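J.: below are the sequence and a predicted model; questions follow.
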Amino acid sequence: MEQHRAVVVGAGIGGLTAAVALHLGGWQVTVLERSADLAPVGAGIGLAPNAQRALDVIGLGDRVRALAAWQGDGGMRAPGGRWLARTNAKAAAARFGGPLVLLHRATLVDILTSALPDGAVRTGAAATLVDPGDDHRPARVATSDGEIEAALVVGADGIRSATRHALFPGHPGPRYAGCTTWRVVVPAPERPFAPHETWGAGRLWGTQPLKDGRIYAYAMAAAPAGGRAPDDEKAELLRLFGDWHHPVPEILAAVDPAQVLRHDVHHLTDPLPAYHQGRVALLGDAAHAMMPSLGQGGNQAIEDAVVLAHHIGPAVDARLTGPAADFVPSRALAAYTADRLPRTTAIVRKAARTGAVTLLAARPAVALRATLVSAVSRFGPGLVLRGFDGIADWRPPVAPARSA
Ligand SMILES: Cc1cc2nc3c(=O)[nH]c(=O)nc-3n(C[C@H](O)[C@H](O)[C@H](O)COP(=O)(O)OP(=O)(O)OC[C@H]3O[C@@H](n4cnc5c(N)ncnc54)[C@H](O)[C@@H]3O)c2cc1C
């Protein structure tokens with residue numbers, strides 16, 4: 001077995017972050033991605049201070065922070081425009097020790113791949129776990145080119161993870177969360193607006209600025225699985241949100257129907273028994289896919305990646321400049337599971353609870369929700385932020401690297 005070979009299955013946010021963290025620890029990393037290129041699915045992504053601090057460990061946190069665009073006010077609104085709860089960028093940064101950064105997914109993928117050596121990522125390379133290995137036997141992964149033996153395999157192959165299924169075939173897998181989402185990136189509207197998330201009956205809309213002057217808008221609505229608009233998704237958004245407050249109509253007017261992304265939401269409501277087996281670790285959506293209601297799926301994948309690399313340790317002992325003798329997969333990966341499973345299980349559940357409140361559809365429940373949010377927020381500007389206590393204030397178990 002090649003002592004320092006790590007294979008990462010999947011070049012999403014989680015897989016790429018793990019690859020960078022392992023590479024910096026001296027591992028010889030190969031990332032296998034089944035898609036023909038790295039163009040990520042999805043428009044924008046929000047990275048909270050917890051993920052930024054995780055990225056600090058691999059020297060990339062400041063590159064993300066530099067993309068922060070939100071200044072001034074923001075908060076929760078009703079479809080007619082009434083503010084239910086307000087906060088501001090300064091309060092958010094003060095509470096969690098950093099800004100909330102909205103960036104384009106392609107930008108994040110560029111930042112991560114720029115920290116990897118040429119040739120580390122192989123696209124058009126669908127991979128299958130053949131053998132998870134154990135403390136005495138390497139793991140084996142098959143691609144169309146043949147098999148690769150590895151001291152470590154990272155299963156970062158997303159919500160439909162075949163690696164997860166291979167490790168835990170009895171697990172029921174993801175379930176439909178009862179809602180669908182839409183995402184767009186468009187030029188900023190002419191009239192100014194404050195970033196907002198607006199909750200209506202069984203649906204929500206959010207608008208957030210990007211650093212490059214465009215805006216990222218997302219919407220969610222209760223819907224049966226597998227639905228598609230009879231005409232196009234822009235027309236569906238106009239039916240659902242066309243009479244909501246500024247800037248929603250202006251954004252919809254700018255939307256190209258072909259650019260609207262629509263995805264049903266599934267999540268892993270049954271936690272896995274472990275995030276590892278043999279020499280294989282699962283991370284990100286493969287381990288704990290969650291509803292997007294807290295915007296934490298990608299953040300948690302990034303946390304997973306740096307915590308995994310921390311427990312694995314460097315491939316080369318810097319003092320001895322020889323192979324690290326103490327990588328015992330069963331011990332290192334059990335520590336990874338112990339670190340990550342309770343935290344991510346709690347966040348999956350919280351995202352589901354938040355999602356259920358967001359999607360309340362009955363008029364009395366919606367009215368009661370608005371009254372409660374607005375009454376509670378009168379006691380302080382922290383209501384919008386309080387939901388992220390214990391999540392966005394997370395700190396990694398290892399000191400930050402120098403900024404790249
Ligand atoms: C509407 C919406 C909004 C969201 N907003 C946010 C947000 O603001 N902030 C946030 O943190 N999260 C957000 N999320 C969640 C976030 O998108 C995911 O949690 C995150 O992308 C998961 O990353 P991942 O690397 O685990 O998986 P993925 O990004 O799914 O990557 C998995 C990769 O593995 C590849 N793959 C699969 N099978 C194989 C195979 N056999 N061989 C090789 N490659 C394979 C896939 O092609 C893919 O590239 C949102 C999700 C949705 C639906």
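T.: Arrived safely, thanks for sending. This is a predicted model, so every value here is computed, not measured.

J.: list the buried ones in the helix or strand harbouring L237?
T.: Taking DSSP states H and E as the criterion, L237 maps to helix 233-241. Buried residues in helix 233-241, counting neighbours by 16 or more other CB atoms under 10 Å, are found at 233-234, 236-238, 240-241. Yep, even glycine has a C-beta here, placed from its N, CA and C like the rest.

J.: can you name the element that comes right after it?
T.: helix 248-254.

J.: and that next one, which residues are buried?
T.: Counting neighbours by 16+ other CB under 10 Å, one finds that the buried residues in helix 248-254 are 248, 251-252, 254.

J.: likewise stretch 261-275?
T.: With burial defined by 16+ other CB under 10 Å, the residues of stretch 261-275 counted as buried are 262, 265-268, 271-272, 274-275.

J.: among those residues, which are in helices?
T.: Members of these lying in helices (criterion: DSSP state H): none.

J.: quick one on the thing from earlier: taking the buried residues of helix 248-254, tell me the two that lie furthest apart.
T.: V248 and A254 (11.1 Å; CB to CB).

J.: what's around whichever residue of the stretch 1-150 of the chain sits closest to the ligand, how many residues?
T.: Using CB to the nearest ligand atom, the single residue of the stretch 1-150 of the chain nearest to the ligand is G12, 2.1 Å away. Residues lying near G12 (other CB atoms under 10 Å) number 27.

J.: wait, it touches A301, no?
T.: Yes - the pair G12 and A301 passes the contact test of CB atoms under 8 Å, sitting 7.2 Å apart.

J.: shared neighbours of those two, anything?
T.: Common contact partners of G12 and A301 (CB atoms under 8 Å, 6 or more residues apart in numbering): 156, 284-285.

J.: from the residues you listed, pick the one nearest the ligand.
T.: Nearest member of the shared contacts of G12 and A301 to the ligand, counting by CB to the nearest ligand atom, is G284, at 2.1 Å.

J.: ok, the closest one - how many residues close by?
T.: If we define neighbours as other CB under 10 Å, then G284 has 30 of them.

J.: my guess is it contacts G12, does it?
T.: Yes - judged on CB under 8 Å, G284 makes contact with G12 at a distance of 6.4 Å.

J.: common neighbours of those two, please.
T.: In contact with both G284 and G12: 156, 158, 301, using CB under 8 Å, 6+ apart.

J.: near the ligand, from those residues?
T.: Near the ligand, taking CB under 6 Å from any ligand atom as the test, the members of these found are 156, 158, 301.

J.: which of the residues you listed ranks first by neighbour count?
T.: Most surrounded of those: other CB under 10 Å gives A156, at 33 neighbours.

J.: against the ligand, how distant is Q300?
T.: Q300 is 7 Å from the ligand, where distance means CB to the nearest ligand atom, to the nearest Å.
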